[in-house]
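Asks: Pasting the sequence and the predicted coordinates here, then a few questions.
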Amino acid sequence: MNREVAVHRGRWSLTDRLDAILRELPFEVAPGTAGVTVELEYDRTRGVLDLGCEGADGYRGWSGGARDRFTITERWATPGYLPGAPEPGGWQVLLRLHRVPPEGLAYTVRVTAHRAAPPEPPPPPV
């Protein structure tokens, strides 16, 4: 069974972007976690948020605005991210506020810890 580790909801404003273009959203990874999946939801017609991750032991990857989710496991990871056992401790979802409209941009970030590693997705068609 998987468990939701953290949910971050809010609204980034243009002022937030001017204050700090890179934001860190913290979450904890428990010992024995086999995989971590992060999902980012926002209205892509209104703005652009870039997505990345830092693990307890350092940088784990970056996909910019190309993806709205990634998974990291010991054996595989979403392209742009480093596979390897999810080390216990404090992790950060990295969000770069690339394009934020003046009225702001609502977002939700959901982090799921997997007790058993999810299966690797099939390769893209050739």
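Replies: That came in fine, so what should we check first? Numbers count the residues shown, from 1 in each chain.

Asks: and residue 35, how far is that from residue 46?
Replies: Applying Cβ to Cβ, to the nearest Å, the value for residue 35 to residue 46 is 31 Å. The way it works is simple: take the backbone N, C-alpha and C, and place the C-beta from them, glycine included.

Asks: the more surrounded of the two?
Replies: Counted by other Cβ atoms under 10 Å, residue 35 and residue 46 do not tie: residue 35 has more neighbours, with 23 against 13.

Asks: Touching, residue 88 and residue 29? I think so.
Replies: Yes: with contacts counted by Cβ atoms under 8 Å, residue 88 reaches residue 29, the gap being 5.4 Å.

Asks: Find residues that contact each of the two.
Replies: Counting by Cβ atoms under 8 Å, 6 or more residues apart in numbering, the common neighbours of residue 88 and residue 29 are residue 56.

Asks: More neighbours: those two, which one.
Replies: For residue 88 versus residue 29, neighbours defined as other Cβ under 10 Å are more numerous around residue 29 (21 against 15).
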